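>>> no sequence on this one, just coordinates:
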Ligand SMILES: [Ca+2]
Ligand SMILES: [Ca+2]
């Protein structure tokens, strides 16, 4: 349990599972799976829980340059010029795992569309003292710069359920750019929309720049 300078309290837990194969072949512990949990209790009484799971894969040393995934930036640096094959134990693949069984990604009110079962991504559950609830799922595509994973594109779908009966549905997309050295240079909002609907069937706010079938209830 910790606290920040604002008096918000939090609890964080990370569970890492290491690759036995990498310990055998490189002598070094390399994280194969990382499960993250954060519970934040804010001074305004709101609570949010963040949960994610990430899988990592490393080079085995038998890969040729063209066999390495395209999201590795400057992958020629991975190749040992003597053998023409990749060095062992460099980060090769990063993917989000799933931490929830279902999520309404397209915001149509059900949770059985393609990709909505066991969706990958970071899940955040929030609730304020009035009982307003929100759920969001962030799905991230990664690039690998200098052997480290960086967010490339992150899509967040958020849903709010308010005590006044209103529902909100928001999609945000962020695109990240890095320097050659892997320093974050810019974050561009390639947002695709915000929607809001009242339970009585009257659409209150509707600003979505891509096609979305918003259900009237
Ligand atoms: Ca759906
Ligand atoms: Ca549907």
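Nice, thanks for sending it over. Values in this document were obtained by computation on a predicted structure and should not be read as measured data. Ligands and ions are numbered 1, 2, ... in the order given.
>>> going forward, measure contacts between C-alpha atoms and count neighbours the same way
Will do.
>>> Show me which residues of stretch 89-109 are buried.
89-100, 102-107 (16 or more other Cα atoms under 10 Å).
>>> distance between it and the chain's centre?
Here stretch 89-109 shows a centroid-to-chain-centroid distance of 7 Å under the convention Cα atoms, centre = their mean, to the nearest Å.
>>> How about stretch 177-187?
On Cα atoms, centre = their mean, the centre of stretch 177-187 falls 18 Å from that of its chain.
>>> Over to stretch 140-156?
Relative to its chain's centre, stretch 140-156 lies at 9 Å (Cα atoms, centre = their mean).
>>> residues in contact with that stretch?
Residues from elsewhere that reach stretch 140-156 (Cα atoms under 8 Å, 6 or more residues apart in numbering): 71-74, 90-96, 121, 136-139, 170-177, 180-182.
>>> Tell me the buried residues within those.
Using 16+ other Cα under 10 Å as the burial test, the contacts of stretch 140-156 include 71-73, 90-96, 121, 136-139, 170-177, 182 as buried.
>>> ok, back up a step: overlap between the buried residues of stretch 89-109 and the residues near ligand 1?
104, 106 (Cα under 5 Å from the ion).
>>> Which of the buried residues of stretch 89-109 fall within strands?
Counting by DSSP state E, the buried residues of stretch 89-109 place 91, 92, 93, 94, 95, 96 in strands.
>>> Show me where the protein has its strands.
According to DSSP E, the strands that the chain contains are 2-3, 9-18, 31-41, 47-58, 79-80, 85-86, 91-96, 122-127, 133-145, 148-161, 166-178, 184-189, 193-198, 203-208.
>>> how about those strands in a markdown table, adding mean pLDDT and distance to residue 111?
What follows is the strands of the chain, written out as a markdown table (pLDDT from 0 to 100; distance: least, Cα to Cα, whole Å):
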| stretch | mean pLDDT | distance to residue 111 |
| --- | --- | --- |
| strand 2-3 | 82 | 35 |
| strand 9-18 | 95 | 28 |
| strand 31-41 | 96 | 24 |
| strand 47-58 | 97 | 19 |
| strand 79-80 | 97 | 44 |
| strand 85-86 | 98 | 42 |
| strand 91-96 | 96 | 20 |
| strand 122-127 | 97 | 15 |
| strand 133-145 | 94 | 13 |
| strand 148-161 | 90 | 13 |
| strand 166-178 | 82 | 14 |
| strand 184-189 | 82 | 26 |
| strand 193-198 | 56 | 18 |
| strand 203-208 | 43 | 20 |
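>>> and those as JSON lines, adding distance to residue 66?
As requested, these are exported to JSON lines (distance: least, Cα to Cα, whole Å):
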{"stretch": "strand 2-3", "distance to residue 66": "46"}
{"stretch": "strand 9-18", "distance to residue 66": "27"}
{"stretch": "strand 31-41", "distance to residue 66": "23"}
{"stretch": "strand 47-58", "distance to residue 66": "16"}
{"stretch": "strand 79-80", "distance to residue 66": "10"}
{"stretch": "strand 85-86", "distance to residue 66": "10"}
{"stretch": "strand 91-96", "distance to residue 66": "13"}
{"stretch": "strand 122-127", "distance to residue 66": "31"}
{"stretch": "strand 133-145", "distance to residue 66": "15"}
{"stretch": "strand 148-161", "distance to residue 66": "19"}
{"stretch": "strand 166-178", "distance to residue 66": "23"}
{"stretch": "strand 184-189", "distance to residue 66": "26"}
{"stretch": "strand 193-198", "distance to residue 66": "38"}
{"stretch": "strand 203-208", "distance to residue 66": "40"}
